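*Asks:* Next comes the sequence, and after it the predicted model I'd like to discuss.
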Amino acid sequence: MDTFYQVVICSIYSLLAPIVTAGGGSIVSNVLTFTGVSLTVAAGMTSFYFLANSLIVIPVFWKNIIWSEVRLLVLPAAIGALLGAFFLISINETILLGLMFLFSLKFIYEFSQKGAKKDQNKLEVWVVGITSGFLTGTALPGGGFRNSYLLSRGYNLANVHGTSNLIGVVCWIIKLTVLFNASVLSFVNIEGVFYALPVLILTNYVLQKKLKELGQPISKKISLIAMVIFSVYALWKITMTLV
C-alpha cells in the first residue's frame with residue numbers, strides 16, 4: 001500500500017511540476033512521510049524521483065542546455081551536494097534560507113532590468129553553485145535556487161529546464177550514493193518511482209512542446225512569477241523556523 005501511495009504522489013507531482021516552481025522537493029518529502037518513513041528517508045526518496053525525472057528531462061531539452069553555465073556551476077554544485085548530504089540531519093536551516101532569500105531578491109532585480117545580465121562574477125557563481133548543491137544535498141529546494149539564478153541571466157524556461165536538471169543529476173547521484181552507503185535508503189524505498197516513470201515521460205514531452213509554443217513576453221512573465229514565488233517560499237520557511 002505504501003508503494004501505491006508513492007506512485008500516486010510522484011505521478012501527481014509530475015503533473016504539477018511545471019507550475020510548482022518553489023519548494024516542490026520539500027512538499028513531496030513531507031507528503032511522503034505520511035507513508036510511514038522518516039523525513040531523511042523521504043528526502044532520499046524525493047531525490048531519486050528528481051534524478052529519474054531529470055534523466056528524462058535532459059534528452060528532451062538537450063538542445064536547450066547552456067553548456068557554459070554547466071561548466072561553471074557543476075563543480076561547486078557537486079561539492080555543495082556532498083557536504084549537504086553529510087549534514088542532512090544536523091543543519092542550520094534558517095541560515096541557508098536567509099541566504100536563499102537574499103540571493104533570490106538579487107536575482108529578481110537583475111531579471112527585471114532591461115536585457116540579460118551578461119557578465120559573471122566568479123565568487124557569485126561559486127556561492128550559487130555550492131549553495132544550490134548544498135540545498136539539494138539536504139531536503140531544501142536547491143533546484144529552485146539555481147533556476148532563479150539562471151533566469152536572472154536572461155535564459156528562457158527551456159534553457160533553464162535543460163541546464164538546471166543536468167547539474168541536478170550530478171548533485172542527486174552524489175546525495176543518493178551517500179544515503180545508500182549509509183544504509184539510509186534501500187530499493188524498497190524507491191520502488192514507487194519506477195512505476196511512475198510512464199507519467200514522468202509523458203509530462204516532460206508535453207512540457208517541452210508547451211514551452212516552445214510560449215512567446216517571449218509570456219515566458220518572461222512566467223519566469224518572473226516563478227522567481228517571486230521562490231522568494232515568498234524562502235521568506236515563509238524562515239518565518240516558520242523562527243516561530
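*Replies:* In hand now; what should we look at?
*Asks:* So residue 200 is in contact with residue 52, correct?
*Replies:* Yes. Shown here, residue 200 and residue 52 form a contact pair, counting by CB atoms under 8 Å, at 6.5 Å. Any C-beta I mention is one placed from the backbone N, CA and C, and that applies to glycine too.
*Asks:* Just want to know which of those two has more residues nearby.
*Replies:* Taking other CB atoms under 10 Å, residue 200 and residue 52 do not tie; residue 200 has more neighbours (23 against 20).
*Asks:* ok, the more buried one - contacts?
*Replies:* By CB atoms under 8 Å, 6 or more residues apart in numbering, residue 200 lies in contact with 10, 14, 52, 53, 56.
*Asks:* before we move on, could you check phi and psi at residue 185?
*Replies:* Torsion angles at residue 185 (phi, psi; degrees, to the nearest 10) stand at phi -110, psi 150.
*Asks:* which residues does it contact?
*Replies:* The contact partners of residue 185, by CB under 8 Å, 6+ apart, come to 41, 44, 45, 48, 176, 179.
*Asks:* among the contacts of residue 200, which one has the lowest pLDDT?
*Replies:* Taking the contacts of residue 200 together, the minimum pLDDT is found at residue 14 (66).
*Asks:* For residue 76, which non-adjacent residue is closest in space?
*Replies:* Spatially, and ignoring its direct neighbours in sequence, residue 76 is nearest to residue 129 (2.9 Å; CB to CB, 6 or more residues apart in numbering).
*Asks:* any idea how far residue 188 lies from residue 44?
*Replies:* From residue 188 across to residue 44, the span is 12 Å (CB to CB, to the nearest Å).
*Asks:* So these two - more neighbours on which side?
*Replies:* Between residue 188 and residue 44, residue 44 has the larger neighbour count (other CB under 10 Å), namely 29 against 9.
*Asks:* give me every residue that touches that one.
*Replies:* Residue 44 neighbours (CB under 8 Å, 6+ apart): 175, 176, 179, 184, 185, 189, 190.
*Asks:* How many residues are close by residue 225?
*Replies:* 12.
*Asks:* ok, now residue 75?
*Replies:* Around residue 75 there are 16 residues (other CB under 10 Å).
*Asks:* Spell out the secondary structure type for the nearest residue to residue 194 once chain neighbours are set aside.
*Replies:* Among residues not flanking residue 194 along the chain, residue 52 sits closest, at 7.9 Å (CB to CB, 6+ apart). Following DSSP: H, G, I helix; E, B strand; the rest coil, residue 52 is assigned to helix.
*Asks:* Residue 52 and residue 125, how far apart?
*Replies:* 28 Å.
*Asks:* Could you do residue 231 as well?
*Replies:* Distance from residue 231 to residue 125, by CB to CB: 20 Å.
*Asks:* got it, and residue 149?
*Replies:* Taking CB to CB, one finds residue 149 at 9 Å from residue 125.
*Asks:* more neighbours, these two?
*Replies:* Ranked by neighbour count (other CB under 10 Å), residue 149 and residue 125 place residue 149 first, with 28 against 16.
*Asks:* Am I right that that one is in contact with residue 131?
*Replies:* No. Using CB under 8 Å, residue 149 makes no contact with residue 131, being 9.5 Å away.
*Asks:* ok, which stretches of the protein are helices?
*Replies:* Remark: helices assigned in the chain by DSSP state H are 2-16, 24-32, 39-60, 67-86, 93-112, 122-137, 142-152, 157-181, 187-213, 216-242.
*Asks:* Point out the most buried one among these.
*Replies:* Most buried of those by mean neighbour count (mean count of other CB atoms under 10 Å) is helix 142-152; its value is a mean of 27.
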